[in-house]
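Visitor: heads up, no residue letters with this:
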């Protein structure tokens, strides 16, 4: 029955009008994004990954091959609702099991959500190690198209001198915790500084955006940060903000745009200045305690990075000239124009439907210490409960499909009927900000304020609120959201600070479970069967919970599997070469017997056999 459902889903997918197919191969790569050398994730040998550019209504097939020997992975397509295909959401443990090493999985969905989006890892701290890229869904007959001549994409991210595994367990090498801003994978760490990391450092070229004087550019800004917020500006150029997270806005001018992790903005910039090389400036915000011990000892450690906004015909400056250039008369960067990200005006806003159910989430936390760590860890609580549903051996989606029941109070899994209008009230009862992202939906941002929400509706915008998928919950503040539960599935809502996400700062929504059971295609079943066989043979059993802190938790201990599979690859390839050689010799003898000159330039080899490398094992 499962096989029939899977084949039916493929038949439905193949009937879509237009198909956009992408192959992504994930590997480790030795690279120095800001000058400091370490392993990062590469996608098709690129860091960040390649831009996926599709059109509204396209059927999209993304084939992901995991060539990382020790880690299982998954990809989430941030901003895409996966309407009708909840199993393609990519949230490991929620809607799928992760993709094991040396396995390929196909994500199939229809690109219905227009705008500037991105794809990224959705497991452990993998996206802070570079597993991300831009995903653009172009609107048919886009009303913004007449406002600009060309497009540029700026993926903004934070880079650490330690990998995600090390960052998850703070150690005395504290400087590795300090993030450096990257612009399309390039940033500036001072290789002449006194930090010990300079031993592994060599200067890197700055990112560059080449423009033509007199033309207008739509710059798609993607906040791929894992820990901090950014401010983006271009010296001597104003930014016309026209869209946010796919929502067309009433355009407004500013000198600076603030983004938090998961956020996206589209701005239009006119190249109207004299021909020269100008400075794109990205500055970290919201990181008063980026040192693990909370002291912020190094306020200038990579907190600003630059890229070049260079006009055609301008002479390229040296690194030292560029660093000192493009300041105003007082020697300060251009001052920002302030605006509230909660009160941006949609171009064509409308009133949301009235609510039918309200859930209040009171957010608190507590610290705890682990021996030898230099900083405390945190536990996060909603309504006094910890969430623990992300990494189980059977994805939550399939547990729902087989009829399991869950509790909003005990499990932080909230069940909504099809079509219900849900209000979510966050009361953040501590002083840290949290960018919250909801999978499968966009929500209306009705209001925010200091303290806990007191029920006064005069503070809510019920006329034309913004309709987006990620929003910042400010510390010691309330935030009021609303969405229509009309997309059956199992959807996670979590903090997009990758460290908090790993610590399971999340809740889940189970939408229309009965309808879901009658319509689900279970396209993941073949991969789940493969995953189960591998874990039963080399790791823990399918229904067994991994022990906290064990090697099998997340990575699943696939080192042995990788060696076994690679060994089989090598044996098969060797046998193939020997067979081919034998056949060639037989062929030569036959040709000689017939007095026919054999072909001497037959250069077929087994070069098309792709084998993983194990430099890090």
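Guide: Right, received. Where do you want to start? None of the values given here were measured: they were computed from a predicted structure. Numbering: from 1, shown residues only.
Visitor: Just give me the neighbour total for residue 371.
Guide: For residue 371, the count of nearby residues is 4 (other C-beta atoms under 10 Å). (Each C-beta comes from the backbone N, C-alpha and C, glycine too.)
Visitor: Could you do residue 411 as well?
Guide: Neighbours of residue 411 (other C-beta under 10 Å): 17.
Visitor: try residue 499
Guide: 17.
Visitor: quick check, it in a helix?
Guide: Yes - judged by DSSP: H, G, I helix; E, B strand; the rest coil, residue 499 forms part of a helix.
Visitor: Just give the nearest non-adjacent residue to it, would you?
Guide: Once flanking residues are discounted, residue 499 sits nearest to residue 227: 6.2 Å by C-beta to C-beta, 6 or more residues apart in numbering.
Visitor: secondary structure class for the one you found?
Guide: coil.
Visitor: phi, psi of it?
Guide: Main-chain torsions, residue 227, degrees, to the nearest 10: phi -140, psi -30.
Visitor: Tell me how far it lies from residue 434.
Guide: Separation of residue 227 from residue 434 (C-beta to C-beta, to the nearest Å): 12 Å.
Visitor: what do the two both touch?
Guide: Shared contacts of residue 227 and residue 434 (C-beta atoms under 8 Å, 6 or more residues apart in numbering): residue 497.
Visitor: Looking at these two, which is more packed in?
Guide: Higher neighbour count among residue 227 and residue 434: residue 434, with 23 against 20, using other C-beta under 10 Å.
Visitor: low-scoring pLDDT stretches of the chain, where are they?
Guide: Along the chain, segments meeting pLDDT under 70 span 1-17, 169-177, 194-198, 286-302, 324-343, 372-377, 389-392, 501-503, 521-617.
Visitor: what about residue 356, neighbour count?
Guide: Around residue 356 there are 14 residues (other C-beta under 10 Å).
Visitor: swap in residue 515?
Guide: 14.
Visitor: and what of residue 120?
Guide: Residue 120 has 27 neighbours, counted by other C-beta under 10 Å.
Visitor: who's it bridged to?
Guide: Beta-bridge partners for residue 120, by DSSP bridges, are residue 76, residue 132.
Visitor: and it, what does it touch?
Guide: For residue 120, the contacting residues are 75, 76, 78, 127, 131, 132, 133, 224, by C-beta under 8 Å, 6+ apart.
Visitor: can you map out the strands along the stretch 251-400 of the chain?
Guide: 257-259, 264-270, 277-285, 304-311, 357-368, 377-382 (DSSP state E, counting those that start in this stretch).
Visitor: What residues sit buried inside the fifth one?
Guide: Of the residues in strand 357-368, 359, 361, 363 count as buried by neighbour count, 16 or more other C-beta atoms under 10 Å.
Visitor: Also the third one?
Guide: For strand 277-285, the buried set under the neighbour-count rule, 16+ other C-beta under 10 Å, comprises 277, 278, 279, 280, 281, 282, 283, 284.
Visitor: what's the farthest-apart pair in these?
Guide: 277 and 284 (23.4 Å; C-beta to C-beta).
Visitor: so how far is residue 180 from the residue nearest to residue 303 when sequence neighbours are not counted?
Guide: Excluding the flanking residues, the one nearest residue 303 by C-beta to C-beta, 6+ apart is residue 284, at 4.7 Å. Residue 284 is 9 Å from residue 180, where distance means C-beta to C-beta.
Visitor: next one: residue 362
Guide: Per C-beta to C-beta, residue 362 is found 35 Å from residue 180.
Visitor: now do residue 448
Guide: Residue 448 is 31 Å from residue 180, by C-beta to C-beta.
Visitor: Surely residue 211 touches residue 313?
Guide: No - using C-beta atoms under 8 Å, residue 211 is not in contact with residue 313, being 10.6 Å away.
Visitor: Looking at those two, which is more packed in?
Guide: Ranked by neighbour count (other C-beta under 10 Å), residue 211 and residue 313 place residue 211 first, with 26 against 9.
Visitor: Can you name the residues that contact the nearest residue to that one once chain neighbours are set aside?
Guide: In this structure, residue 211 finds its nearest non-sequential neighbour in residue 271, 4.5 Å apart by C-beta to C-beta, 6+ apart. Residue 271 sits next to 211, 212, 213, 214, 215, 216, 217, 237, 311 when contact means C-beta under 8 Å, 6+ apart.
Visitor: And these, which is closest to residue 85?
Guide: Using C-beta to C-beta, the contacts of residue 271 come closest to residue 85 at residue 217, 33.9 Å.
Visitor: Quickly list what the closest one is bridged to.
Guide: Applying DSSP bridges, one finds that residue 217 bridges with residue 150, residue 269.
Visitor: is it true that residue 87 lies in a helix?
Guide: Yes - assessed by three-state DSSP, residue 87 belongs to a helix.
Visitor: Surely it touches residue 491?
Guide: No - with contact defined as C-beta under 8 Å, residue 87 does not count as touching residue 491 (11.9 Å).
Visitor: Which of these two has more residues huddled nearby?
Guide: The neighbour comparison of residue 87 against residue 491 (other C-beta under 10 Å) goes to residue 491, with 28 against 24.
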